[in-house]
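In: this one's sequence-less:
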């Protein structure tokens, strides 16, 4: 955020207008760039990055590859999608960049991808199609980009990124396309009102307002390809769901884990004690690294 503007405290309509007029706010933290992160976490020094663009039906989208040639090979790689309430977020935010650096340093190459934001004139399926394009690109170029076969690729995301990737997985399943080897969802909102899964969305809830802004219509709020929690989750790949003890969206992740279990999907639910929503966007948060370790351990198992 800038010193004088915090869009998180604005009504959604005002936040959308501000973002359209001004673009992504500058993050004031002085220690979240790659150089500062490497100084704080020397293990990240071996990670090499490469920026590229992925062609989507909606234009080129930024992406970044992370690989560490000196790390013990896990045999798997991850396509990773950051959050930002569907209206913000970018590749240099810690939830994208730091997470990818940490996983790559543990032998899990990462393709971090961006997507079109829903700023009033964009709704589903646009961000979803951007991520689908990145998924297709990663499969086509898996060996060259990430050093693994296409069938060793996992898909995952945090917050809004988790919502989108869960919906993309439902789309891939329904289309009969190749599914990810695994799905990683970190504090996702996979129900229209993430704080109250299974209930009719409360139109006054900020979470529901963001969900409607993403979905584009009340009808789309009920679509399992938009919010995967509307379905059973049957046919999903092995899935890790990370929820946070203090997160208001925790009920959505827990409910979806139960849905997947009922559908006989191999699902692991990891509760991060003491953590709140977006904790992996803050490298200094003592609960962040344990989540990174939990993700890496699950992927490597």
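Out: In hand now; what should we look at? Just so it is clear, the structure is predicted and the values come from calculations on it, not from any experiment.
In: what helix or strand is the residue most central in space within the chain on?
Out: The centroid of the chain falls nearest to residue 157 when counting by C-alpha atoms, centre = their mean (1.9 Å). Following DSSP states H and E, one finds residue 157 within strand 153-158.
In: show me the contacts for residue 90.
Out: 24, 62, 82, 84, 96, 114 (C-beta atoms under 8 Å, 6 or more residues apart in numbering). (C-beta placed from N, C-alpha, C; glycine too.)
In: I'd say the third one and residue 88 touch.
Out: No: with contact taken as C-beta atoms under 8 Å, residue 82 and residue 88 are classed as non-touching, separated by 9.4 Å.
In: higher neighbour count, the two?
Out: Taking other C-beta atoms under 10 Å, residue 82 and residue 88 do not tie; residue 82 has more neighbours (29 against 20).
In: measure that one to residue 129 for me?
Out: Going from residue 82 to residue 129 by C-beta to C-beta, to the nearest Å gives 17 Å.
In: residue 261 too?
Out: 30 Å.
In: out of the two, which sits in the more crowded spot?
Out: Taking neighbours as other C-beta under 10 Å, residue 261 and residue 129 compare with residue 129 leading, 18 against 14.
In: now that one: closest residue in space, sequence neighbours ignored.
Out: residue 57 (5.4 Å; C-beta to C-beta, 6 or more residues apart in numbering).
In: pretty sure that neighbour sits against residue 133.
Out: Yes: Residue 57 lies in contact with residue 133 (C-beta under 8 Å); the separation is 6.9 Å.
In: more neighbours: those two, which one.
Out: Neighbours were counted for residue 57 and for residue 133 using other C-beta under 10 Å; residue 133 has more, 20 against 10.
In: where exactly do the strands run in the stretch 1-150 of the chain?
Out: In the stretch 1-150 of the chain, the strands defined using DSSP state E, counting those that start in this stretch lie at 47-56, 59-68, 77-81, 110-113.
In: tabulate those (a markdown table), appending mean neighbour count and distance to residue 255.
Out: A markdown table is the format used below for the strands of the stretch 1-150 of the chain (neighbours: other C-beta atoms under 10 Å; distance: least, C-beta to C-beta, whole Å):
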| stretch | mean neighbour count | distance to residue 255 |
| --- | --- | --- |
| strand 47-56 | 15 | 31 |
| strand 59-68 | 19 | 31 |
| strand 77-81 | 30 | 21 |
| strand 110-113 | 28 | 27 |
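In: of the ones you listed, which is nearest residue 233?
Out: Closest approach to residue 233 among those (C-beta to C-beta): strand 77-81, 18.5 Å.
In: who does that closest one touch, helix- and strand-wise?
Out: Here strand 77-81 touches helix 97-105, strand 110-113, helix 126-140, strand 153-158, helix 160-175, going by 3 or more C-beta pairs under 8 Å, 6 or more residues apart in numbering; DSSP states H and E.
In: and it with helix 97-105, angle?
Out: For strand 77-81 against helix 97-105, the angle by axes from the mean of the first three to the mean of the last three C-alpha atoms, to 10 degrees is 180 degrees.
In: residues in contact with strand 77-81: which ones?
Out: 96, 99-100, 103, 108-113, 115, 131, 134-135, 138, 142, 146-148, 152-158, 161-162, 164-165, 180, 184, 299.
In: which of these are buried, as a ChimeraX select command?
Out: A single ChimeraX command is used to select the members of the contacts of strand 77-81 judged buried by 16 or more other C-beta atoms under 10 Å:
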select :96,99,100,103,108,109,110,111,112,113,115,131,134,135,138,142,146,148,152,153,154,155,156,157,158,161,162,164,165,180,184,299
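In: ok, the closest residue to residue 212 other than its chain neighbours - contacts?
Out: Among residues not flanking residue 212 along the chain, residue 221 sits closest, at 6.3 Å (C-beta to C-beta, 6+ apart). If you count contacts by C-beta under 8 Å, 6+ apart, residue 221 has them with 192, 201, 211, 212, 215, 227.
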